[in-house]
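Colleague: I'll drop the sequence and a predicted model, then ask my questions.
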Amino acid sequence: MKINRKFITLIALCAALMLPLGCRKNFLTQTNTFQSTEGATFQHSQDVVALVNGIYDAYQSSDLLKKSIWYYANFQSHDFFNYGADIVWNNYQITSLFAQLPVFWNDSYIAIARANAAFGIIATAKANGVVTPALADRLTGEAYFLRGLTYYYLAGAFGGVPLELSAVTNGLHPRSTQDQVFTQVVADMQKAETLLLSKTTLPATELGRATKGAAYGYEGAAQMWLKNYAAALVAFNNPELTNNYHLLPNFMDVHEFDHQNNDESLFEIQFDINGSQSWDGGWQDGGEIAWIDDFSWPEEVSGFGYDYANPGLWYSYQAGDTRKAATILGPGDPNLSPGIIAKWGGIKGYPNVQGGYVSNPVRYSDGAGNPINTNGTLTHPWFGVSDQKRSGYMCAKKWRDPTLTGATGNPTNIFGSQNQILLRYAEVLLDRAECKIRTGDVAGGEADIMLVRNRAWGGAAPAVMQDGLNYDGTASTPITDPLQMVYSEYRHELTGEYSVFFDLRRAGPGVAAAFIHAAYGTDGTTDPQPYPYGPTADGQLHGVWRTALPTGRDLLPIPQVAIGLNPNLTQNPAYN
């Protein structure tokens, strides 16, 4: 059925206008524009700013960030597993009817529609003197950046997707190829580079907005998907990146609650602590808080535990690597976050732990007559309260917000304001290392790797790179292949964030499957298996899958509901 073009234009405009608008903190602006016309609404510069804020707002969604991008980046790699309704991630059995897929797809195209609607409105506002040329350029650059960002994650997860580049559309475009989508990402980022402000000139009140450096970072990453490694190096070596962003000296600080928007962060989604803790009045009603972090804590502390780590990830960190304690907590490990220690004294201070020490000292005692201050113990790992189907290992990167209590305490604080870093300078350095190696500069690539590793060791990293132990407790062997060095560093530097599986799939066909197999000894099983080594090797099932990545399932299926609405869409082959 052919859809009226004017109606689609109205849909795009409504997508840009109808939801509460915001981005966080100092540059947050909210304007009620529901049922407004374009001419009546955009009469003041702040109205146009609010329009672009609405594109950012599409990302202030736990469903898009955590249950879509984060899940894909971490569950697909087998570094983390899901507990709950999305358990099909654990054995790669997602189908085109999986409920989360339309959320990923629809939220992304809402952001794209808002960006597409913004271009013409900004141009008109500029021509009418509503906004200055400088502000119009910056806002246009932000819209290009956010559209390119959205296509980056869509293509990374689904492969080729329809390219919607206009506010006027019939909504029936077929899928473009993956390369065509990433070519568009490059084009959007290159336009953004000419229009956005530098980090050095962005006013403090605008902190959190896209900058030139962020655009160069994503352009380089998109060029890598296209195998244009020389072009990627040009982007990564731009002074906007090399002069304005730096590794923080202490890896623990990168994700600390009081280090948000730090010197290493190129782009992060902004959240605001001012918001309702009600499920129906907070984040679901446009609030700028999220459940992203405490849903990753042990059920023993938060009442949740909806994602947890693979024990093999814990074993894989090389001795002396400070990233281990800042990334993954195993049985007997304390939470070393300075913010958590200052607020709670560590794990022992949480309401559920205090109450549990009285009612269940076996689970909540340190074995010496004190409330437990670790993530379980070696003799009593925290496998979960409701059952024993978690691994006992948790994500330390998502346990940094000291304002949260989970579903415990009085009052309970479930929804928090921890920003979510999508791209930081350490990843740029590792990307640059991969590009150098692929273009013949192996020494230069290894030098970039060592910049990241030296920070991880607080000075000088070991000259020999190897995992601490294999997943089954056997001794590892040194990593000598330069590209395998990069892949290992992607994992140890970036796991628990928003990048690892995207980076592995980008490296080429079969790379992700081979890397996961080497890391975790994956096989043809599709059910959870007892863990073979360490304190959780008790012969019981504790939520660890060893399922090998099937051919073609590095891509997600196109949502069936999208295919139903657009008969020109085709399904990815592994799901036919």
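Modeller: Received it, and whenever you're ready, just let me know what you need. Residues are numbered from 1 along each chain as shown.
Colleague: just the helices in the stretch 251-400 of the chain please.
Modeller: Assigned helices in the stretch 251-400 of the chain, in chain order: 299-302, 311-316, 323-327, 338-344, 351-359, 361-364 (criterion: DSSP state H, counting those that start in this stretch).
Colleague: Only the buried residues of the fifth one, if you could.
Modeller: Buried residues in helix 351-359, counted by 16 or more other C-beta atoms under 10 Å: 351, 352, 353, 356, 357. Heads up, the C-betas are built off the backbone N, CA and C, glycines and all.
Colleague: Look at the closest residue to the first one other than its chain neighbours and tell me its secondary structure.
Modeller: Closest residue to residue 351 in three dimensions, ignoring its sequence neighbours and counting by C-beta to C-beta, 6 or more residues apart in numbering: residue 409, at 3.9 Å. Under the three-state scheme (DSSP: H, G, I helix; E, B strand; the rest coil), the conformation of residue 409 reads as coil.
Colleague: what's the answer for residue 542, then?
Modeller: Per three-state DSSP, the secondary structure class of residue 542 is coil.
Colleague: contacting residues for it?
Modeller: Neighbouring residues of residue 542 by C-beta atoms under 8 Å, 6 or more residues apart in numbering: 381, 383, 388, 389, 390, 391, 392, 528, 530, 531, 536.
Colleague: What separation do you get for residue 305 and residue 419?
Modeller: Look at residue 305 and residue 419: by C-beta to C-beta, to the nearest Å, they are 23 Å apart.
Colleague: More neighbours: which of the two?
Modeller: Each of residue 305 and residue 419 has its neighbours counted (other C-beta atoms under 10 Å); residue 305 has more, 26 against 23.
Colleague: my guess is that one contacts residue 375, does it?
Modeller: No - contact criterion C-beta atoms under 8 Å: residue 305 and residue 375 do not qualify, at 11.1 Å.
Colleague: Now for the two: what residues contact both?
Modeller: Common contact partners of residue 305 and residue 375 (C-beta under 8 Å, 6+ apart): 298, 394.
Colleague: quick one on the thing from earlier: farthest pair in the contacts of residue 542?
Modeller: Maximum pairwise distance among these (C-beta to C-beta): 15.4 Å, between 381 and 528.
Colleague: if you count what's nearby, which of these two comes out ahead?
Modeller: Shown here are residue 381 and residue 528; by other C-beta under 10 Å, residue 381 has more neighbours (24 against 20).
Colleague: want to try TSV for the helices of the stretch 251-400 of the chain, with distance to residue 191 as columns?
Modeller: Shown next, in TSV, are the helices of the stretch 251-400 of the chain (distance: least, C-beta to C-beta, whole Å):
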stretch	distance to residue 191
helix 299-302	43
helix 311-316	39
helix 323-327	36
helix 338-344	38
helix 351-359	50
helix 361-364	55
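Colleague: For the residue nearest the centre of the chain, give its distance to residue 104.
Modeller: In the chain, the centroid-proximal residue (C-alpha atoms, centre = their mean) is residue 498; its distance is 2.6 Å. The gap separating residue 498 from residue 104 is 13 Å, by C-beta to C-beta.
Colleague: ditto for residue 288
Modeller: In this view, residue 288 and residue 104 are 20 Å apart by C-beta to C-beta.
Colleague: again with residue 225
Modeller: Taking C-beta to C-beta, one finds residue 225 at 18 Å from residue 104.
Colleague: Overlap in contacts, residue 498 and residue 104.
Modeller: Applying C-beta under 8 Å, 6+ apart, one finds that residue 498 and residue 104 are jointly contacted by residue 69.
Colleague: Drop anything exposed from the contacts of residue 542.
Modeller: Buried by 16+ other C-beta under 10 Å: 381, 383, 388, 389, 390, 391, 392, 528, 531, 536, out of the contacts of residue 542.
Colleague: So the fifth one is in contact with residue 543, correct?
Modeller: Yes - with contacts defined as C-beta under 8 Å, residue 390 counts as touching residue 543 at a distance of 4.9 Å.
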